[in-house]
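Student: coordinates for the following, if possible.
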Amino acid sequence: MKRVPNLRGFGRAWLLAAALALLAAAMVPPYSAMAEGAAPEGLKTDYSVSGDHLIWFQADGNGVKQIHYRHLTTGEERTLTDSPSAKDAPFISGNTVVWADKALQAPESVYWDIYSYNLDTGKTEKLNKRDGEMSNPVTDGVGVVWFDRKPYGDMYYLHLATGEEYNLGEGLFPVLADGRVVYKNARDGGISMLDLRSGNRWPLVRLGGSNYVDWFVFNGSYVLWKQKNGAGESQYALMSVDQPSAQPVELTPMSAKTSEYAFMALGDSQAAFIVNEGGAAVLKGIDLATGRVYAVEAAVGAGSIAGFSGDKLVLGAADGSVSFIDLSGKQGGGGVPGGTSGSAGGEAAGAKALIGPAGGELTYGDGQARLRFASGTFAADTEVRLDKVELGPFALADEKGRKLQAYEAWRVSAAAPFGRNAELTLGYSQDAGWGNVREKLGIYAYDEDKGYWTYVGGVTGEAEGCVRAEIGRPGVYAVMLRDVSFPDAQGHWAQHAIEVLASRGIVDGTDKGTFDPAGTLTRAQFAKLLAAALRLEAGPSGQAPFADVPSGAWYSEAVKAAAAAGLVEGDRGSFYPNGSLTREQMTVMLVRAFERQSGASAEAADLSGFKDAAAISGWAHAAMSKAVGMKLIEGDGDSLSPQGTTTRAQAAVVIYRLLGRLHQL
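Tutor: This next block holds a predicted model:
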């Protein structure tokens, strides 16, 4: 019996996460069903099946797709929609049908809405409470999930009985089954799961670089997916989500295919997918209990595969007929999905590998700890180790004596120095409650000579359950939380940004233990903020680039680093480090930083809506336009105040937004 999910834990944290969503370029493909022009009358596409219920799109006399229904046992048929609007992504579970519809949106708009139809009552209802590019709804009969095609995606859940809507945070293409949501991570290419009853979420498949999950299906207990790499190769894999220690089972080897197929489906105990073998499309079945893959004798091109009814594969033919392939008797031996892998023989936590000049990866277990090496890191084959170490011998404090919270420590060992930085990824327990403060987490390195930990860096995703950073040498590393707060920032509109930057060591408080959010910022102070946020280095010591920046000043290295990166230029050989920072000066530095770090040119916005746009200096106008376009700055009502000074709170917020825009949060 399906239980109503407990969503009490979502509240403000989820809404805050949505409010801080980054406005980067969208990372998801356009709708497949948005092409202009009428479809041939009677064309049947987009089948979806649940038990005895089958739905599909069928074009009417005007070429408009309408949703049709058939009961697979009684043969009853009916047309569920008759509107002239565009529709996309129909899905059925139990007596509930959901789809995306443009009924209330202009045809030229990118906005779509989510609709439902109840087979018992015949009632059609619009579900989403806010406008957006709503996409790909999925229901389990109790609730509905969909996502807004914002950068990184913005997922929503609606409880059908109460009508309550919740923002679930970032994610793409969520699939809901039995109160669990599996979704794609836009940041690392993997997939994660959220349990609506407990509010816990954790990564299922951690990927990165050019590797990504191309598509997946989920039935509440198993996830079946196709994974691709940068070489265009692909493979299928399966995982049980009911076992906490579950590991992926590779169903096919990673290899190049002459053709790729999107079809995958999960039944009660069997699954199916189509793969290219020898240039031909071959239908494969999977016994979920054993992981055994077997061939299914069927002409794949003879009809359109709708999905499973129990363990019967449902096919809809071009003439409108429906046929079945019963896979319930296909059980067999083989590996068990979710069986342990990683270190052999149950030895102590650790892993080792030989990494050659071409680079490579070293992973422990299911990605709890992972090292990636780029080509050129080592000149010859080099043994590298990842070993878990006890935290007991290490004092949990930073260089200022501030207390740190740690999860696990890992020692990275290598038989040769690193020629290039390596990427270290460390997971942490969701039970620690760190998901709510993930942006404050970082990877720290232990200084064995000085007896404290130093912040190395940290990039996290909304629900990845891991932190990534570049490291330049072997040593002891751990994911840690440095939870810094200031009494005069409590309840301040910039509190979150201030505390995140302070936890990462980017901003400091005053010698009185406060932050002084209303205090004005100097040019030197902002240069130091930028250099710390972007982890810029000045390079070999030498003559300072500006006559008024003495080499011994507290800000000299930061100014030198910012100048070397092209972020600051000065005026006729002077930097004026103690001068107040104007908003337009700050904006120029921000845009230069974004374009330097991202390698992309920011899009400009129209500033005509701001009453003081004419007051922007000519040399700063383009940068101000780009900063507004990226929402790095938003102005105060209809004013930008380009000549106004910058406060410490404002600087913290724009640095926070910059890091988000660069995907470094």
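Student: residue contacts, the nearest residue to Tyr111 once chain neighbours are set aside?
Tutor: Setting aside the residues directly before and after it, Tyr111 is nearest to Gln105 in space (CB to CB, 6 or more residues apart in numbering), at 4.5 Å. Yep, even glycine has a C-beta here, placed from its N, CA and C like the rest. Listed by CB atoms under 8 Å, 6 or more residues apart in numbering, the contact set of Gln105 reads 111-113, 131.
Student: what about 10 Å?
Tutor: 85-86, 111-113, 131, 133-134 (CB atoms under 10 Å, 6 or more residues apart in numbering).
Student: low-confidence stretches in the stretch 101-250 of the chain?
Tutor: Residue ranges of the stretch 101-250 of the chain with pLDDT under 70: 243-246.
Student: and Val484, how many neighbours does it have?
Tutor: A count of nearby residues for Val484, using other CB atoms under 10 Å, gives 22.
Student: same check, this time on Ala395
Tutor: Residues contacting Ala395 under the criterion other CB under 10 Å number 13.
Student: wait, it sits on Glu448?
Tutor: No - look at Ala395 against Glu448 with CB atoms under 10 Å: they stay out of range, at 11.1 Å.
Student: roughly how far apart are Thr647 and Pro151?
Tutor: Using CB to CB, to the nearest Å, we find Thr647 at a distance of 28 Å from Pro151.
Student: how about Tyr364?
Tutor: The span separating Tyr364 from Pro151 equals 32 Å under the rule CB to CB.
Student: comparing the two, which residue is more hemmed in?
Tutor: A count of neighbours by other CB under 10 Å puts Tyr364 above the other of Tyr364 and Pro151, at 22 against 18.
Student: my read: that one touches Ala351, true?
Tutor: Yes - at 4.3 Å, Tyr364 counts as touching Ala351 under the criterion of CB under 10 Å.
Student: how long is stretch 502-520 end to end?
Tutor: One end of stretch 502-520 sits 18 Å from the other (CA to CA, to the nearest Å).
Student: tell me the buried residues in that stretch?
Tutor: By neighbour count, with 16 or more other CB atoms under 10 Å as the criterion, the buried positions of stretch 502-520 are 502-507, 509, 515, 517.
Student: not counting sequence-adjacent ones, nearest residue to Gly644?
Tutor: With CB to CB, 6+ apart as the criterion, Gly644 has its nearest non-adjacent residue at 5.2 Å, and that residue is Arg583.
Student: ok, that neighbour touching Ile616?
Tutor: Yes - Arg583 lies in contact with Ile616 (CB under 10 Å); the separation is 9.4 Å.
Student: which neighbours do those two have in common?
Tutor: Counting by CB under 10 Å, 6+ apart, the residues touching both Arg583 and Ile616 are 624, 640, 642-643.
Student: what about Asp154, distance to Ser109?
Tutor: Where Ser109 is concerned, Asp154 sits at a distance of 17 Å (CB to CB).
Student: compare these two (neighbour count), which wins?
Tutor: Taking other CB under 10 Å, Asp154 and Ser109 do not tie; Asp154 has more neighbours (24 against 11).
Student: distance check, that one against Arg130.
Tutor: Distance of Asp154 to Arg130, computed by CB to CB: 10 Å.
Student: identify the contacts common to the two.
Tutor: By CB under 10 Å, 6+ apart, Asp154 and Arg130 have these common neighbours: 148, 167.
Student: could you pull out the helices for the protein?
Tutor: Taking DSSP state H as the criterion, the chain contains helices spanning 11-19, 495-503, 523-534, 556-564, 583-598, 618-629, 648-661.
Student: give me the angle between the second one and helix 523-534.
Tutor: Angle between the axes of helix 495-503 and helix 523-534 is 80 degrees (criterion: axes from the mean of the first three to the mean of the last three CA atoms, to 10 degrees).
Student: what about Val628, neighbour count?
Tutor: 22.
Student: what's the closest non-adjacent residue to it?
Tutor: Excluding the flanking residues, the one nearest Val628 by CB to CB, 6+ apart is Ala605, at 4.3 Å.
Student: and what of Gln235?
Tutor: Met254 (4.3 Å).
Student: hmm, that neighbour is touching Ser234, no?
Tutor: Yes - at 7.0 Å, Met254 counts as touching Ser234 under the criterion of CB under 10 Å.
Student: between the two, what contacts are shared?
Tutor: 227-228.
Student: more neighbours: those two, which one.
Tutor: Ser234 (20 against 15).
Student: beta partners for the more buried one?
Tutor: In this structure, Ser234 bridges to Lys228, Ser255 when assessed by DSSP bridges.
Student: convert the lengthiest strand in the chain to CSV, retaining C-alpha atoms only.
Tutor: In the chain, with assignment by DSSP state E, the single longest strand is strand 405-414. C-alpha atoms of strand 405-414 as CSV (Å, rounded to 0.1, in the frame of the first residue of the first chain):
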residue,chain,number,x,y,z
GLN,A,405,33.5,19.1,12.2
ALA,A,406,34.8,16.2,10.1
TYR,A,407,33.2,13.0,8.5
GLU,A,408,36.1,10.8,7.3
ALA,A,409,39.8,11.3,6.6
TRP,A,410,41.7,9.8,3.7
ARG,A,411,45.4,9.6,3.0
VAL,A,412,46.5,10.1,-0.6
SER,A,413,49.8,8.4,-1.3
ALA,A,414,51.8,8.4,-4.5
